[in-house]
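Asks: Sequence plus predicted model, see below.
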Amino acid sequence: EAGVAQSPRYKIIEKRQSVAFWCNPISGHATLYWYQQILGQGPKLLIQFQNNGVVDDSQLPKDRFSAERLKGVDSTLKIQPAKLEDSAVYLCASSLSRYNEQFFGPGTRLTVL
Amino acid sequence: KQEVTQIPAALSVPEGENLVLNCSFTDSAIYNLQWFRQDPGKGLTSLLLIQSSQREQTSGRLNASLDKSSGRSTLYIAASQPGDSATYLCAVPVYNFNKFYFGSGTKLNVKP
C-alpha cells in the first residue's frame, strides 16, 4: 500500500513570495490533515478535511494561508505572502476517518529567507 | 484547550535497557491517544493507537498504557536498541475529533 506522498520535499523562498505544497493521501482515506512543525516542537494542526469539506481550520492563518482538497483526494496548501516565521516542516497526514489512526507523509521543509 | 506535555525532553540510555516515556494531558475527555516516532528529517510513523476503553496496547517490544483519570499515558520500550533512537511524540484528539494536540516529544538516544 502506497503511503502519503508530498512534494516538494524542500523549498527555499524569500519573504513575501508565495509557495504551494501538494499532498496525495493514502487511497480511500477520507480525512486529510495539514500540520506545521517548527523545529523542536510537536506538529500543530492547521486544517482538517473530511472528503472535500473543511472540518476545522481554526488554527490556519487565513490572511496568508489557504488550502483546498478538490474532489476529496489530493490537497494543496498555499502561503501568500510568506513570512520568516513560516519556516517549518509542513506535514500532511491522512486517515480512514477522523476516528482512525493517522499516517504521515515525509513532509516539506520550508525555509523563508 | 488541551495541553499535552512530554517529560523528559531528552533521554540517553545504554543499549538493552528498558525505558518509559511519559505523556500527560490536561483534558481527560479523550477518545484515544496515539504514539508516534519521528526520525530526523522524516515524517511521523505511527506506533500505537490506544482507545480510551483500553488500558494497554502492545506491539512487539512496545507497550502503551493509558490512564484517563490521571491524564497520563506511558510508552514502555523493552530491551532498547540503537535503532530505537528517534523522537517519540504522543497526540490526543479533542472530544469531537476536530482538533489534535501533540506533545513536543522525547528525544531518545540509545547508545551501543
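Replies: Yes, it's here.
Asks: need the next SSE after the helix or strand bottoming out on mean pLDDT in chain B, C-terminal direction.
Replies: The helix or strand of chain B with the lowest confidence, counting by mean pLDDT, DSSP states H and E, is strand B:100-102 at a mean of 90. Remark: after strand B:100-102, the chain's next helix or strand is strand B:106-111, criterion DSSP states H and E.
Asks: Leaving out sequence neighbours, find the closest residue to residue A:34.
Replies: residue A:46 (4.6 Å; C-beta to C-beta, 6 or more residues apart in numbering or on different chains). To be clear about C-beta, it is placed using only N, CA and C from the backbone, and glycine gets the same treatment.
Asks: neighbouring contacts of the least confident helix or strand of chain B?
Replies: Here strand B:100-102 makes contact (C-beta atoms under 8 Å, 6 or more residues apart in numbering or on different chains) with A:33, A:42-45, A:102, B:1-4, B:25, B:89-94.
Asks: Also stretch B:7-26?
Replies: So stretch B:7-26 is contacted by B:2-6, B:33, B:35, B:71-82, B:88, B:90, B:92, B:101, B:103-112 (C-beta under 8 Å, 6+ apart).
Asks: Let me see the contact set for residue B:38.
Replies: B:44-45, B:86-89, B:105.
Asks: for it, which residues make a bridge with it?
Replies: Beta-bridge pairing for residue B:38 (DSSP bridges): residue B:44, residue B:87.
Asks: low-confidence ranges in the chain?
Replies: Answering for chain A, as no chain was given. Across chain A, residues meeting the criterion (pLDDT under 70) sit at A:1.
Asks: my bad, chain B
Replies: Within chain B, the segments meeting pLDDT under 70 span B:95.
Asks: Could you check which residue of chain A lies nearest chain B?
Replies: Per C-beta to the nearest C-beta, residue A:42 is where chain A lies closest to chain B, at 3.2 Å.
Asks: Quick check: beta-bridge partners of the residue nearest to that residue when sequence neighbours are not counted?
Replies: In space, and not counting its chain neighbours, residue A:42 is closest to residue B:102: 3.2 Å by C-beta to C-beta, 6+ apart. Bridge pairing for residue B:102 (DSSP bridges) gives the partners residue B:91.
Asks: Next: the one 5 residues further on.
Replies: With DSSP bridges as the criterion, the beta-bridge partners of residue B:107 are residue B:10, residue B:87.
Asks: What's the separation between it and residue B:81?
Replies: 16 Å (C-beta to C-beta, to the nearest Å).
Asks: which residues touch residue A:99?
Replies: Going by C-beta under 8 Å, 6+ apart, residue A:99 touches B:31-32, B:97.
Asks: Can you read off the backbone torsions of it?
Replies: phi -90, psi 0 (degrees, to the nearest 10).
Asks: which residues in chain A form strands?
Replies: A:5-7, A:10-13, A:19-24, A:31-37, A:44-50, A:53-56, A:65-68, A:75-79, A:88-95, A:103-104, A:108-112 (DSSP state E).
Asks: again with chain B
Replies: Using DSSP E, the strands assigned to chain B run over residues B:4-7, B:10-14, B:19-25, B:32-38, B:44-51, B:56-59, B:62-67, B:72-77, B:86-93, B:100-102, B:106-111.
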